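K.L.:
Pasting the sequence and the predicted coordinates here, then a few questions.
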Amino acid sequence: MSEVKSSGFTEGKIYSPLIRFALPVLFAVLLQSLYGAVDLLVVGQFSDKANVSAVATASQIVQTLTFVITDIAMGTTILLGQMIGEGKRDQAGEVVGASIAMFAVIGLTVAVVMQFLAGGIASAMNAPQEAYVQTVAYTRICCGGAIFIVAYNVLGSIFRGIGNSKVPLIAVAIAAVFNVFGDILFVAGFHMGAAGAAYATVMSQALSVILSFFIIRKMGLPFAFHFKMVRFNGNLIRKVISLGIPIALQDLLVSISFLIIMSIVNGIGVVASAGVGVAERLCGFIMLVPSAFMQSMSAFVAQNYGAGKLDRAIRALFYGIGTSLACGIVLGYLAFFHGDSMSMVFSKDMQVVAASADYLKAYAIDCLFTAFLFCFIGFFNGIGKTRFVMVQGIVGAFCVRVPVSFFMSRIVPVSLFRIGLATPCSTFLQIVLCFIFLLHLHRKGIFQRRQM
């Protein structure tokens, strides 16, 4: 049986291996964004405002849960990367087994609990009355398939940890293709609205996971792994959790801050709700490059940290920032000056398009800032400083993003552009905190000691 190829990041050139690893991650993130956007696109073309608003609101809920799962799984990516960098491949299979056992329990728990909480969360988010039933239905259906969401993301974390970004790309490509056909069948064909989009999502993820397991079984792994290793290894689970939970808590609270903003916008009306929902989907594409570098940076830095080569990690950080910034300038221009044309892809209602374009102008500014922030987050995750990542994210969310958006929503006439400015304001503060922390680590001599 052949083995899945893993990439060694600790020797040779830096930029070209980083880019070769980041490109499949970029395409995977692109397909992931398409995966979520197709629901809104098809519902926007074949259903009404209420269903568009429902998908926009409920997908935020599902995304929040997915982010938490993905971030906890980042603990697996970091731990695997550091072990490979240290040359401890014999322990890698145990990490994978412990992660599978832990995340299986998490997936089943989410599937059950969210059936009871979906209605309350939709109410807390101030979902418009005409979209409430659809919002709850979408949430319950998607969360009912949480075990597939978990498996889907854990597979990706494992392979990114060993330096292979192609297998996660294959997995998300399979899911994206099935989701398109499912949306067309259930929404356009059977006119099931938001519920149809949710069924398509769950079925596509299930098929993706099943097919991915067959691919992995055929290709093998670059270290010994047997299903008897799938057990609750307390020591390894604690290590994964200690790395992943701060990242997950940070993203959870940041996502809650965006849910609060969505709740504020929902209170303005169904047009604003649908408009911001469309804009958020477009933002998934706008932030593709920095998101890809954030994930790639974590794996690249983790291996070099394990090998004691922080000089390579620092250089990779600045390479990532430079590349992300160049792309951010182009995407920011498109978002600011052509937001209406971009929004028309997801909605034929011109009121919704105008609302989306107004909100996107603020995100255009954030395109420049996230080039710095996301790469910093990937770097700090890679060296295991996940608690700092948690702190800076929470400070940005609740000391800037939420209060600024609330304040802006009280200014008459209400402007979605002003509300959206809360996001770049938060990102700017987080960048400042990252620079300060990087200087703090340098002055303490942590990088020099690690390389000795």
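P.N.:
Yes, it's here.
K.L.:
What is the neighbour count of the residue nearest to Thr77 when sequence neighbours are not counted?
P.N.:
Closest residue to Thr77 apart from its sequence neighbours, by Cβ to Cβ, 6 or more residues apart in numbering: Gly161 at 4.1 Å. Every residue, glycine included, has its C-beta placed from N, CA and C. For Gly161, the count of nearby residues is 29 (other Cβ atoms under 10 Å).
K.L.:
ok, now which ones touch Gly161?
P.N.:
76-81, 84, 299, 302 (Cβ atoms under 8 Å, 6 or more residues apart in numbering).
K.L.:
need the contact list for Lys82.
P.N.:
Not quite, residue 82 is Gln, not Lys. Per Cβ under 8 Å, 6+ apart, neighbours of Gln82: 302-303, 305-306, 384.
K.L.:
Can you tell me which of the residues you listed are buried?
P.N.:
The neighbour count (16 or more other Cβ atoms under 10 Å) marks 302-303, 305-306, 384 as buried among the contacts of Gln82.
K.L.:
What about the residues you listed, which are in helices?
P.N.:
Among the buried ones among the contacts of Gln82, the members found in helices (DSSP state H) are 302-303, 305-306.
K.L.:
can you tell me which of the buried ones among the contacts of Gln82 lies nearest to Leu259?
P.N.:
Gly384 (28.7 Å; Cβ to Cβ).
K.L.:
That closest one is in contact with Thr77, isn't it?
P.N.:
No. The pair Gly384 / Thr77 is not scored as a contact, 11.6 Å apart, by Cβ atoms under 8 Å.
K.L.:
Narrow the contacts of Gly161 to those in helices?
P.N.:
Residues of the contacts of Gly161 located in helices (DSSP H): 76-81, 84, 299, 302.
K.L.:
sorry, back to before: of all pairs in the contacts of Gln82, which one is the farthest apart?
P.N.:
Within the contacts of Gln82, Gln303 and Gly384 form the most distant pair, 12.6 Å apart (Cβ to Cβ).
K.L.:
List just the nearest of the ones in helices among the buried ones among the contacts of Gln82 to Leu40.
P.N.:
For those, the nearest to Leu40 is Ala302 (34.2 Å; Cβ to Cβ).
K.L.:
Low-confidence ranges, the chain, go.
P.N.:
1-8, 33, 35-36, 90, 220-223, 446-452 (pLDDT under 70).
K.L.:
Swap in 50 and give it another go.
P.N.:
Within the chain, the ranges that satisfy pLDDT under 50 run 1-5, 452.
K.L.:
how about Ile78, what does it touch?
P.N.:
161, 243-244, 298, 302, 381-382, 384, 386.
K.L.:
Okay, it and Ser324: tell me how far apart.
P.N.:
21 Å (Cβ to Cβ, to the nearest Å).
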